[in-house]
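J.: Predicted model and sequence below, questions to follow.
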Amino acid sequence: MHSKIQKWGNSLGLRIPRTLAAEAQIEEGSSVDLSVKNGTLLVRSVQPRRYVLRELLKGVTSRNLHHEVPTGEAVGREIW
């Protein structure tokens with residue numbers, strides 16, 4: 001499928017036909033990664049990372065766990 005590059009402010013824009021967008025599972029506001037490989041422009045969909053607290057906490061060990069860090073006296077209405 002062919003498309004045209006168009007000027008968009010100081011940049012260039014590429015319109016993605018609806019059928020290709022649907023096939024690539026991208027929509028308005030989707031994040032994509034742009035790169036060039038051997039002179040070819042590559043556009044790849046980027047899925048946002050989803051974090052699970054339980055999985056993140058698996059990386060905490062007694063070896064990398066730090067102690068409380070003093071930050072000084074309260075300067076506002078903090079409740080400690």
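T.: Ah, there it is. Owing to the predicted nature of the structure, the values given are computational and were not obtained by experimental measurement.

J.: got a list of what the most centrally placed residue in the chain touches?
T.: Among the residues of the chain, residue 48 comes closest to the average C-alpha position under CA atoms, centre = their mean, at 5.4 Å. Contacts of residue 48 were listed using CB atoms under 8 Å, 6 or more residues apart in numbering, and they are residue 31. Every residue, glycine included, has its C-beta placed from N, CA and C.

J.: could you check the distance from residue 51 over to residue 59?
T.: 12 Å (CB to CB, to the nearest Å).

J.: One more: residue 5?
T.: Residue 5 sits 44 Å away from residue 59, taking CB to CB as the criterion.

J.: between the two, which one's more packed in?
T.: Shown here are residue 5 and residue 59; by other CB atoms under 10 Å, residue 5 has more neighbours (10 against 7).

J.: Tell me which other helices or strands the helix ranked longest in the chain touches.
T.: Scanning the chain for the longest helix, with DSSP state H as the assignment, gives helix 18-24. Of the remaining helices and strands, none touches helix 18-24 by 3 or more CB pairs under 8 Å, 6 or more residues apart in numbering; DSSP states H and E.

J.: how distant is it from the center of its chain?
T.: Taking CA atoms, centre = their mean, to the nearest Å, the mean C-alpha location of helix 18-24 is offset from the chain mean by 20 Å.

J.: before we move on, what about stretch 13-27?
T.: Here stretch 13-27 shows a centroid-to-chain-centroid distance of 19 Å under the convention CA atoms, centre = their mean.

J.: who's sitting farthest from the centroid in this protein?
T.: Taking CA atoms, centre = their mean as the measure, the residue most remote from the mean C-alpha position of the chain is residue 73, 36.6 Å away.

J.: For it, pull up the helix or strand it's in.
T.: According to DSSP states H and E, residue 73 maps onto no helix or strand at all.

J.: Identify the residues contacting it.
T.: Counting by CB under 8 Å, 6+ apart, there are no residues that residue 73 touches.

J.: pLDDT at it, what is it?
T.: With respect to pLDDT, residue 73 has a value of 84.
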